[in-house]
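Colleague: here are the coordinates; sequence isn't available:
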């Protein structure tokens, strides 16, 4: 029997009046620390069968209370939204530049995202998974395992190549690829740039080579091949703002082309965008072509990208910003609105499909496998590496109402059972991710975050777009 939760957390509409627990009040000299192990958060007296739901809502309550208290700070914005200049040409912005969140706002957002979508680091806490087998694809062990696997080969028997430059683009929330994804991509391309969507910190606005990515040391054979630009700190902006940011980053790469080893505007780069990153990449490629830079992007790939929009993102991001104020609400609400199907399809219509060479789609597939045993707990669960929080969102379409107890336990169970027939990765339906010249749906189950963590996805992309 699946663990069902009828827990009703604190009323979010009154969150601003809730006293923040003493343990969660940040001090000037302290930083918020993400939970690293289950034993830090899970009570040993709680039956294992109810831990996923009970702890998910408990962690969600704590994180949202932090957001409620920390996001009442005015954002800072540039006084004037100047046009974007790239290689001597001026391009109009699509939206005003993103606001700069305060340090506490950023910490609160990061804590919440890690709580809902973890693990997002090597020692990350997997609150979003059922008890049982969950392989963290962000570990150094998996990164080594990934690069040791055989590479895809061309008809001549040589490893396939993505060319001079590959760009990995995160989506909403600026959740970067795993080290395994970055390292595997570097085996197919001469240079790899992780282009974070957060460029509000001038200290991280330069292109820079890295010896350590996402807490994992870059293997010696790949050193000098992996670069980052922008900040890995999480943010929530529209895909149009993200397109503006990507143009600025390409110009910065051009100015540092000696370090990069090529001019990005003539590199025919392979741009791989996860989630919203595929959308802003498509929009950016169209803008570059119109401005006369058609050789900047040679291949564009979307991974779980909601090209036709998705209503499910409102459940996740809406949970983060409901009842709050400040920059997070302003930008979060705009990002939600931009991903609604009607608007997304207005901006990225059928004429834009030619810019997408390949789209990788994922679905969470079958329900968890239950294995009964003559010990406690009496059942172990294999959820196919699908995060429980994303299974809930994909099943119900509304995490907020579910966690507030709007549905009965039986209704929750029936809605979750329907997911076995649903085509979704938890946030993006397959019908939205299937876009462009060619698409492929992954055979094994994936949730939305896992698509940007398992290096096998890069092998699939190399098989279709690399020479």
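Modeller: Nice, thanks for sending it over. Given the structure is predicted, the values throughout are model-derived calculations rather than measurements. Numbering: from 1, shown residues only.

Colleague: CA only for contacts and neighbour counts going forward, please
Modeller: Noted.

Colleague: count of neighbours near residue 430?
Modeller: By other CA atoms under 10 Å, 21 other residues sit near residue 430.

Colleague: Contact partners for it?
Modeller: If you count contacts by CA atoms under 8 Å, 6 or more residues apart in numbering, residue 430 has them with 361-363, 423-424.

Colleague: the bottom helix or strand of the protein by mean pLDDT?
Modeller: helix 38-41 (a mean of 36; mean pLDDT, DSSP states H and E).

Colleague: picking that back up, among the contacts of residue 430, name the ones in strands.
Modeller: Among those, the members falling in strands (DSSP state E) are residue 361.

Colleague: The contacts of residue 430: which two are farthest apart?
Modeller: Greatest spacing in the contacts of residue 430, by CA to CA: 361 and 423 (9.7 Å).

Colleague: So for those two, which sits in the more crowded spot?
Modeller: residue 361 (30 against 17).

Colleague: wait, isn't that one in contact with residue 444?
Modeller: No - using CA atoms under 8 Å, residue 361 is not in contact with residue 444, being 10.9 Å away.

Colleague: pLDDT below threshold where in the stretch 1-150 of the chain?
Modeller: The model of the stretch 1-150 of the chain has pLDDT under 70 over residues 1-81, 125-133.

Colleague: again with the stretch 201-350 of the chain
Modeller: 313-331.

Colleague: Strands of that one, start to end?
Modeller: 208-209, 212-213, 216-217, 226-229, 269-274, 297-303 (DSSP state E, counting those that start in this stretch).

Colleague: Buried residues in stretch 360-373, which are they?
Modeller: Using 16 or more other CA atoms under 10 Å as the burial criterion, the residues of stretch 360-373 that qualify are 360-365, 367-368.

Colleague: What's the mean pLDDT across that stretch?
Modeller: Stretch 360-373 carries an average pLDDT of 80.

Colleague: Now tabulate the contacts of residue 430 in JSON lines and tack on distance to residue 104.
Modeller: Below are those laid out as JSON lines (distance: CA to CA, whole Å):
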{"residue": "361", "distance to residue 104": "35"}
{"residue": "362", "distance to residue 104": "34"}
{"residue": "363", "distance to residue 104": "35"}
{"residue": "423", "distance to residue 104": "37"}
{"residue": "424", "distance to residue 104": "33"}
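
Colleague: Which one of the contacts of residue 430 is nearest to residue 89?
Modeller: residue 361 (35.6 Å).

Colleague: Now residue 454. Nearest residue, chain neighbours left out?
Modeller: residue 137 (6.0 Å; CA to CA, 6 or more residues apart in numbering).

Colleague: State the distance from the one you found to residue 278.
Modeller: 21 Å (CA to CA, to the nearest Å).

Colleague: and what of residue 160?
Modeller: 22 Å.

Colleague: Give the residue from the two that has the larger number of neighbours.
Modeller: The neighbour comparison of residue 160 against residue 278 (other CA under 10 Å) goes to residue 278, with 29 against 22.

Colleague: ok, now which ones touch the residue nearest to that one when sequence neighbours are not counted?
Modeller: Distances taken as CA to CA, 6+ apart place residue 302 nearest to residue 278, at 4.5 Å, with adjacent residues excluded. Contacts for residue 302 were tallied using CA under 8 Å, 6+ apart; they are 272-275, 277-279, 356, 358-360, 433.

Colleague: Also residue 197?
Modeller: Residue 197 neighbours (CA under 8 Å, 6+ apart): 169-171, 174, 230-231, 235, 242, 245-246.

Colleague: Could you identify which of those residues has the most neighbours?
Modeller: Of the contacts of residue 197, with other CA under 10 Å as the count, residue 242 tops at 32 neighbours.

Colleague: How about the contacts made by it?
Modeller: 197, 277, 280.

Colleague: How many residues are close by the last one?
Modeller: Looking back up the chat, that one is residue 280. Neighbours of residue 280 (other CA under 10 Å): 28.

Colleague: correct me, but it touches residue 245?
Modeller: No - under the criterion of CA under 8 Å, residue 280 makes no contact with residue 245, lying 9.4 Å away.

Colleague: Would you mind listing the residues touching both of the two?
Modeller: What both residue 280 and residue 245 touch, as defined by CA under 8 Å, 6+ apart, is an empty set.

Colleague: Show the contacting residues for the spatially closest residue to residue 114 that is not a sequence neighbour.
Modeller: Excluding the flanking residues, the one nearest residue 114 by CA to CA, 6+ apart is residue 120, at 6.1 Å. Residues near residue 120 by CA under 8 Å, 6+ apart: 114, 138, 175.

Colleague: Most neighbours among those residues, please name it.
Modeller: Going by other CA under 10 Å, residue 138 tops the contacts of residue 120 with 26 neighbours.

Colleague: Let's verify that residue: helix, strand, or coil?
Modeller: Using DSSP: H, G, I helix; E, B strand; the rest coil, the structure places residue 138 in coil.

Colleague: any idea how far it is from residue 193?
Modeller: 18 Å.

Colleague: Equivalent analysis for residue 463, please.
Modeller: 20 Å.

Colleague: Mind checking which of the two has more residues around it?
Modeller: Ranked by neighbour count (other CA under 10 Å), residue 463 and residue 193 place residue 193 first, with 24 against 16.

Colleague: In this structure that one contacts residue 170, no?
Modeller: No - applying CA under 8 Å, one finds residue 193 not in contact with residue 170, separated by 11.3 Å.

Colleague: Nearest residue to residue 245 in space, please, no chain neighbours.
Modeller: residue 197 (6.6 Å).

Colleague: the strands in the stretch 351-467 of the chain, which residues?
Modeller: Counting by DSSP E, counting those that start in this stretch, the strands of the stretch 351-467 of the chain are 358-361, 369-372, 379-382, 439-441.

Colleague: okay if I get the ones you listed as CSV plus distance to residue 92?
Modeller: Shown next, in CSV, are these (distance: least, CA to CA, whole Å):
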stretch, distance to residue 92
strand 358-361, 28
strand 369-372, 52
strand 379-382, 50
strand 439-441, 32
